[in-house]
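# pasting the sequence and the predicted model now:
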There are 2 protein chains.
Amino acid sequence: GIGAPPSAADLKLQFAPFSSALEAGFWHQLTQKKLNDYKLDESPKCIKGYYYNGDPVGLPTRLTLEFSAFDVDAVTPARCCPAVGTLYNTNTLDAFKNIDKRALLEKEAKEMWNAICSGAALKEQSLLSRFILLTFADLKKYHFYYWFCFPALCFPEGIKIIQQPSLLEAVFSPKQVIALQEAYDDLCVTKGNTAVPYFLIKYTDHTVQMAPLEDWESFFTMTKKVTVGFYDPCTLSQHPGWPLRNLLALLANQWGSKLDVVEVLCFRDRTLQGSRSIQHSVVFQIKLPGLSSCPKSVGWEKNAKGAMGPRMVNLSECMDPKRLAESSVDLNLKLMRWRLVPSLDLDKVVSTKCLLLGAGTLGCNVARTLMGWGVRHITFVDNAKISYSNPVRQPLYEFEDCLGGGKSKATAAAERLSKIFPGVNAKGYNMSIPMPGHPVNFSQATLSLAQMDVEQLEKLISEHDVVFLLMDTRESRWLPTVIAASKRKLVVNAALGFDTFVVMRHGLKKPPASRGVDSSPSCSSASSSPSTPAGSAPSVPGSSLFSNIPGDKLGCYFCNDVVAPGDSTRDRTLDQQCTVSRPGLAMIAGALAVELMVSMLQHSEGGYAVASSSDDRMNEPPTSLGLVPHQVLDNYEKEGFDFLSKVFNSSHSFLEDLTGLTLLHQETQAAEAWDISVVKMLLI
Amino acid sequence: GIGAPPSAADLKLQFAPFSSALEAGFWHQLTQKKLNDYKLDESPKCIKGYYYNGDPVGLPTRLTLEFSAFDVDAVTPARCCPAVGTLYNTNTLDAFKNIDKRALLEKEAKEMWNAICSGAALKEQSLLSRFILLTFADLKKYHFYYWFCFPALCFPEGIKIIQQPSLLEAVFSPKQVIALQEAYDDLCVTKGNTAVPYFLIKYTDHTVQMAPLEDWESFFTMTKKVTVGFYDPCTLSQHPGWPLRNLLALLANQWGSKLDVVEVLCFRDRTLQGSRSIQHSVVFQIKLPGLSSCPKSVGWEKNAKGAMGPRMVNLSECMDPKRLAESSVDLNLKLMRWRLVPSLDLDKVVSTKCLLLGAGTLGCNVARTLMGWGVRHITFVDNAKISYSNPVRQPLYEFEDCLGGGKSKATAAAERLSKIFPGVNAKGYNMSIPMPGHPVNFSQATLSLAQMDVEQLEKLISEHDVVFLLMDTRESRWLPTVIAASKRKLVVNAALGFDTFVVMRHGLKKPPASRGVDSSPSCSSASSSPSTPAGSAPSVPGSSLFSNIPGDKLGCYFCNDVVAPGDSTRDRTLDQQCTVSRPGLAMIAGALAVELMVSMLQHSEGGYAVASSSDDRMNEPPTSLGLVPHQVLDNYEKEGFDFLSKVFNSSHSFLEDLTGLTLLHQETQAAEAWDISVVKMLLI
C-alpha cells in the first residue's frame, strides 16, 4: 500500500504499486495452453500484459492480462503500454507453494540491473517494466492460484521529494498543456506507437520539446535540472505509479552523480465524454541519490487480505455450467495426450457421427463409452419401449421411464444423453428395421411403410460416419450391413451370448471406380474424403490370402455363415427372447466396440487398416465365402427396394440361392454322399 | 351361451357353461412356477380349481383358480367343490396358437368316457368335472394368454325336458326343504367333506333320504323315476349348470335303458345376511336317451367378444409398478437357470451385501453391474463431490448433479440406484478413509475425527459381505484391506491404468482358532457361516507352494509390493490426479470385478476357492512376501487405532520396518554390492 502521508520533515517518494488484473479470458487461454501445449512442461513462458494511463480517479493501478497474453506478438490495445513478463505455471499446488519466490524476484531484478548498467534498458525500455506471474491451474475445479510480482529496484535510503506532487494544470499554463500534449503525440508518431512509456522533456513558457529516453545525451545539454516523463497508470494525485521506480534506478545509475534536481511528469491522458485531458497529470521534483551496486528489490503483490500471499480465483462459479461441462470433458480427454498418447487425434474421435442401431443393453453401454470419448453426435434407432427389467442392465433408463407402458427407447436414450452432457447432439428414431424373412407384402400400406423405413435407414446411414450394430436378432443386422457396405461406412458389430460375445468390424470396400456422370453422391463423397485413399489399389503391401487381411478384404457378420438370415423370432421361448447373459458382459462388449472404433479412427489407414495380429490363426486363409455379400451388394445397388422387398418377403432360400449357399449345400451333400460310397467301396 | 328359450314343441335341456375365473394370484404363481420349476418344460401339469353353489343371482357360473391351484393337495375352500384340470403352458405364443385344441378336448373326453364306461367315474366323481387350461405367459410384458375348456359329452339328439325347471320352494313343502337340507348336510358329514358334487335322493311328503352316487344299485330299488342331485354353481332359474352334463352322460351310459324319468335337483345353497337358504334350488324332470358309444364333446370357452378364441389379461396394468420392477429384474436373472446355468444359486448373489469404497468411474460401473446381478444391498463410501467431467464417465451422475459445487458422490450414487430400481437398499457415506502417510495427529480434534472414520469403516465392513476397493490412490486401499482381512470379508480390488487394469480378489484368511471367551463376534459368526469350512484345514487338496494356490494362501494388493503405501497425492500433476485411462476400460474392469465376485460366491468353497488356472505361470511359487500383511494384521488386531494412527502419521519407513521390507531392501543392496565385488574379482 501507500501508507500514511509523509511528514514534512522526511518527504520520501512513495509509489502506487500495480494491481494485477487477470481477465477470465486469460485463465481460459491458460487452460487451453496447459492442456494442449505446455502439458507437463513447467519451464518459464513469455507473456505480455499492458497498462493504461487514462483510468478515471478511484481505479487501482492495474496491469491487465487478457486472453491474448500468451501471444507476445499480439497488438497492444491502442494508447496502452505493453509489459512483458515471465509465467511460471507449476504442475502441482505443492510446487506452486514451494517455489522460491525470493530467488525468482532476485533473478529478475539482477537481470534488470544488468540491463540498466549495460545501457540495454535505455534502448529497450520494456526491460524496465517486467513482471513475474506464478500460477497453478487446478483444471479439475477451475480454481486458479496465482501470485504476481512487479520487480522494482529500491533506493536504500529512499528518494527525497523536493517539490510535492501537484496537478499539471496548477503548474503549466493552458498553452503549455496543449504544447505538451502535442509534443507527446508527435513523439508517439515518431516512435510509431500509440503510447510511449518513458520520455524526456524540455519546456519554456511557450514551448515544449520531447525526446525518447535513449536520446538523453544529445537532448540534455545541461543536467542541473532535468524533466522526465513517464506513462503513468496511477490515478492518485499524490503518488506516481510503479513504472517510475525502475526508470529512476536507471537515471541514478547512468547519470546520478550529475543530476541535481529531477522533475518528473506523471503523464496521465484521460478521455471523458469525448474530451481529452492531460491536465490532471502530476508533476513533482526529487533529489536522486546515486546507485552503483545492485540494490535490493521488492515486488510480490499482496493478496486481497493485504498480506503477502497468493490469490485464488474460482472460475467455476462465474462460468456457464454447460460450457464448464464441455471444458471438463475435454480436459479428461486431453490429459491422455500429455504423457500417454501424445499423437492421439482427439478431433477425429470427437467429430465422428455415430449411428447406434439398437438402444438396449449394448446400445446404452456403447453410447456411454462414446460419451466418455467425447463423441458429440450420437443417434439411436430402436422400436422397443422401456420395460421394467431394463434399467438395471441398460444404463440410460430409470424406473420412471417404465411407467405407463414405457417410453420409447430411442428417444429416451437420446434425452438421457442430454441430461448427462448438455453439449451432446443426440437424437432418437423410434422405427423398425425391415428384416429378411419378415414379410412386408401383406398390403400396399405395409409395403410403403417398409419402403419408408428403408429410406429412413439409408438416410441415417448416409448422415453418419460409423454404424454400430447392437440389435438382439441376427436378421435385423442384415439390411444395415448391406446399406453401410454400399455407402462405405465403418461398421462395428457387437453381439452377446451368455458368457461369450463377438465384437468385430466389417470390411470396408474401396470406393467404386468412377462411373462417370451417374456416380452416386454417397460414393463420390466417399472417394473425396481425405481419410479414404483414392481409387482401389490393386494390392495392399503384405496382403495375400495367406497373410494378414487388409480392411477392404475383411468380410461382414454374414460372410462366414452358411445359413442366410431369416425369421429367428418366431417360436422363441422367453429365455431366447431376452438376452440372457452374464450382466457384466454387455459392459465389456459395449466398451470394446467403442475402443475398436477409436483404434480404427486413429489408424492411419482407418477402415482399410490391415487386421494384423500376432495370433497365428490370423494367417489362415479367409474362407472362400468371403465373396458372398458382393452379390447381395450388387443387387441392392442395382435394384434398390425392389430387391430388398424380395428378401424381406422370402424365406432363407432366396438369399441362399442368390449368394450360392444353396449350391454350396448341394455340393456338400453330394460330397458327403460320395464320401460314403468311397467308404463302402473300401469296406467291400 | 344359453340361447333363446325353447319352444313348447321341442323342449331341450340347455346348460349354463362355466366361466373361467382366474385370479391375479394364479398368474403370479404361474409366473413363479414357470421361472423356477417348469422353465422350458411344456409337459401337462395337474392343477386344481373349485366352484361354488352359493353365489347370488346375476353372477356367472364360475370355475375359480387362485394362487393355490398348483398345489393339488391344497384344501378346497369350505362349501366349494374341487375341479381338477390339466395345464398346458406353452413356451411361445406360436405354440399356444398352434396347439391342436380339438385333439386336446377329444383326448380329455375319451378319458372321461372310458372312466364312465368302466365305472371308475362312479367312485371318483371328480373325473366328471375335469378341465383343460391352455396358457402362454409373456413374462416380459406380464401378458397372459389363456383358453379354458370344460369338456362335456354331448347327447346327439339333446335331452328332452318333461317337466320344466321350477324353484324348489314351489315343488317341495317347507318341511321337505328342511329335511333335504339336513339330509345333504348328513351326507357331507358321512363323506367327510363340506360339499358333495353328485348325490341320489328319495323323498316322501315328510322325509328325504340321500345317498352318494356310488350307492346307486343299493339305493334305487325301482328306476322308473329316479331323483338325482348335483352341486350346482349356476344361478339361473331356468337352467342347470355345466357339471350336470357329464353326470347325465354317466347315468345314460350306466342305466339309460332302465330309466324312464330322471328328476334333477340343481342344489343351490345360499347364505345371505346370515340366513341359509336352499329354497332357490331348481328342480326339473327329463327323459334321458341311451348313450352307448363315445359321443362328441364340446367345452372350449368363448372369449369376451363371444367368439371361440383365447383371452388375454395384462397384469402389468394392475400391478404395483415397483413390484413389477422387482419381478422383471428377477425374471432376467432366473432365465439364466433355464438352460445355461441350472445350478446357479441366485439367492447367494442377490442377498450379498456389497460395500463399494469409491463412487467414481469404477464405483459407478461396479454398482451398475451389481444391479444387473440383482444385488439388493449396496453401500457407497466416498468423500468427493461430483464435478463436471464426471457424468460422461461415471454412469450414476448427470449434469444437474454438478451444479452448485456438485453433490456428494456417495449419497448421489445411492439416490441414483433407487431411481434405477426402487427395490434396492442403497446408502451413501460421505466420509474419508484415513491413509498411511497422511498424518492425522495435527490436533486432538483431527485425531478424534480419524478415529471416528476408522470406527465407521470397521462398522461398515462388519455389516457387509464383500468389500470392493475402487479408489484412485494406492494408500487409500490399505486400511480397508487390513480391516477386511481381519474380519474375514471377501475383498475385490480393481484399479485402472491407461490401457491396463488389475482386478483381483484378496486372500481370505481362515477364521482364527477359537480364543475361548474373548473370541470376537465377527470371527465366531464367520466360522458358523455355512459357506465357510469350519476351522483351518491344515492343507487343501492340491495345495503346495508349487501348484495352484488356495484362497486362504492368496495375498492382497500390497503383498507383492516392495514399497509400503505412503502419501502419493502430494505433488501429483493434473494427469496424475485424474484417472487418465481409455474410457472403455472402467466399464470392463468394473464388470469383471463383479463377475469375479459372482464366480467366487458360486464356488463351493467361496473365498477359499483355489486360484486354479491353465496358465502355467500360476504354478510358479508365490513370492515369499506373501506373509507381509500378517504382521500388519496382528498389530491391528492387538493395538487397534493406536497402531493405525502410527501408520497414518508416519512415513513409509514405519510400515516397511514392521513388515521387514526395510531389511529386505538392505539385504538386496548388500547382495548387489556383493555381486559387484564378485564381478570385480573375476575381472582381476
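On my side now, so go ahead. Numbers count the residues shown, from 1 in each chain, chains lettered A, B, ... in the order given.
# break chain A down into its domains, please.
A:11-155+A:301-322, A:160-295, A:345-650, A:658-684 (automatic domain parsing).
# ok, the spatially closest residue to A:Pro17 that is not a sequence neighbour - contacts?
Distance criterion CB to CB, 6 or more residues apart in numbering or on different chains; nearest residue to A:Pro17, sequence neighbours excluded, is A:Trp242 at 5.4 Å. From N, CA and C alone the C-beta is placed, and that goes for glycine too. If a contact means CB atoms under 8 Å, 6 or more residues apart in numbering or on different chains, then A:Trp242 has A:15-18, A:61, A:150, A:152, A:233-234 as its contacts.
# now A:Gly290: how far from A:Ile159?
A:Gly290 sits 12 Å away from A:Ile159, going by CB to CB, to the nearest Å.
# for chain B, see how far away A:Phe136 is.
With distances taken as CB to the nearest CB, to the nearest Å, A:Phe136 is found 10 Å from chain B.
# part of a strand, is that residue?
Yes - when classified by DSSP: H, G, I helix; E, B strand; the rest coil, A:Phe136 is found to be part of a strand.
# still on that earlier bit, show me which of the contacts of A:Trp242 is closest to B:Pro295.
Using CB to CB, A:Phe18 is the member of these that sits closest to B:Pro295, with 113.5 Å.
# what sits against the closest one?
Applying CB under 8 Å, 6+ apart, one finds that A:Phe18 lies in contact with A:51, A:61-63, A:131, A:148, A:150, A:233, A:241-242, A:301.
# one more time with 6 Å
For A:Phe18, the set of contacting residues under the criterion of CB atoms under 6 Å, 6 or more residues apart in numbering or on different chains consists of A:61, A:63, A:150, A:242.
# quick check: the farthest pair among those residues?
So for those, where distance means CB to CB, the most widely separated pair is A:Thr61 and A:Phe150, at 9.8 Å.
# quick one on the thing from earlier: which of the contacts of A:Phe18 lies closest to B:Leu335?
Ranked by distance to B:Leu335 (CB to CB), those are led by A:Leu63 at 70.0 Å.
# for that closest one, phi and psi?
The phi and psi values for A:Leu63, taken as degrees, to the nearest 10, are phi -110, psi 120.
# who touches whatever helix or strand A:Ile201 lives in?
Using DSSP states H and E, A:Ile201 sits in strand A:198-203. Strand A:198-203 is touched from outside by A:125, A:187, A:209-211, A:213, A:219, A:227-230, A:247, with contacts defined as CB under 6 Å, 6+ apart.
# name the strands paired with it and say parallel or antiparallel.
Strands adjacent to strand A:198-203 in the sheet, as given by DSSP bridges, are strand A:208-212 (antiparallel), strand A:225-231 (antiparallel).
# buried stuff in it?
In terms of neighbour count (16 or more other CB atoms under 10 Å in any protein chain shown), strand A:198-203 has its buried residues at A:198-201, A:203.
# quick one, phi/psi of A:His665?
Geometry field for A:His665 lists phi and psi as phi -60, psi -40, criterion degrees, to the nearest 10.
# what of A:Leu122?
When quoted as degrees, to the nearest 10, the phi and psi of A:Leu122 stand at phi -70, psi -40.
# ignoring the adjacent residues along the chain, who's closest to it?
A:Glu214 (5.0 Å).
# near chain B, which residues of the stretch 301-450 of chain A?
By the rule CB under 6 Å from any CB of the partner chain, the part of the stretch 301-450 of chain A lying against chain B is A:321, A:324-325, A:328-329, A:331-332, A:335-336, A:338, A:340, A:368-369, A:371-373, A:388-389, A:391-393, A:395, A:398-399, A:403, A:419-422.
# ok, back up a step: just the contacts of A:Trp242 now: which is nearest chain B?
Top of the list for closeness to chain B, among the contacts of A:Trp242 and by CB to the nearest CB, is A:Phe150 at 28.3 Å.
# list the contacts for A:Ala359?
Contacts for A:Ala359 were tallied using CB under 6 Å, 6+ apart; they are A:380, A:382, A:409-410, A:413.
# just the closest of those to A:Val502, please.
A:Asp382 (20.3 Å).
# low-confidence ranges in the stretch 251-400 of chain A?
Counting by pLDDT under 70, the stretch 251-400 of chain A contains no low-confidence residues.
# so which residue of it comes closest to chain B?
Per CB to the nearest CB, A:Gly372 is where the stretch 251-400 of chain A lies closest to chain B, at 2.9 Å.
# what do you get for the stretch 51-200 of chain A?
When scored by CB to the nearest CB, the stretch 51-200 of chain A has A:Asn91 as its residue closest to chain B, at 3.9 Å.
# and that residue, how many neighbours?
The local packing count at A:Asn91 equals 22, with neighbours defined by other CB atoms under 10 Å in any protein chain shown.
# kindly report the same for the one 10 residues further on.
As a burial measure, A:Lys101 scores 18 neighbours (other CB under 10 Å).
# ok, and the closest non-adjacent residue to it?
Counting by CB to CB, 6+ apart, the nearest residue to A:Lys101 once its immediate chain neighbours are dropped is A:Trp300, at 6.0 Å.
# quick one, phi psi at A:Gly405?
With angles defined as degrees, to the nearest 10, A:Gly405 shows backbone torsions of phi 90, psi -10.
# now do the contacts for it.
Applying CB under 6 Å, 6+ apart as the definition, A:Gly405 turns out to have no contact partners.
# next: A:Gly25.
A:Gly25 makes contact with A:66-67 under the criterion CB under 6 Å, 6+ apart.
# distance between the helix or strand harbouring it and the chain's centre?
Secondary structure assignment for A:Gly25, by DSSP H and E: helix A:24-33. With CA atoms, centre = their mean, to the nearest Å as the basis, helix A:24-33 stands 11 Å off its chain's centre.
# repeat for stretch A:74-85
Relative to the chain's own centre, stretch A:74-85 is displaced by 27 Å; criterion: CA atoms, centre = their mean.
# which bits of the stretch 101-250 of chain A sit near chain B?
Applying CB under 6 Å from any CB, one finds that the stretch 101-250 of chain A approaches chain B through A:Leu139.
# neighbours of A:Leu272, just the number please.
Burial of A:Leu272, expressed as a neighbour count using other CB under 10 Å, amounts to 9.
# partners of it in the sheet?
Beta-bridge pairing of A:Leu272, defined through DSSP bridges, involves A:Ser275.
# rewinding a little: out of A:Gly290 and A:Ile159, which sits in the busier spot?
Shown here are A:Gly290 and A:Ile159; by other CB under 10 Å, A:Ile159 has more neighbours (21 against 12).
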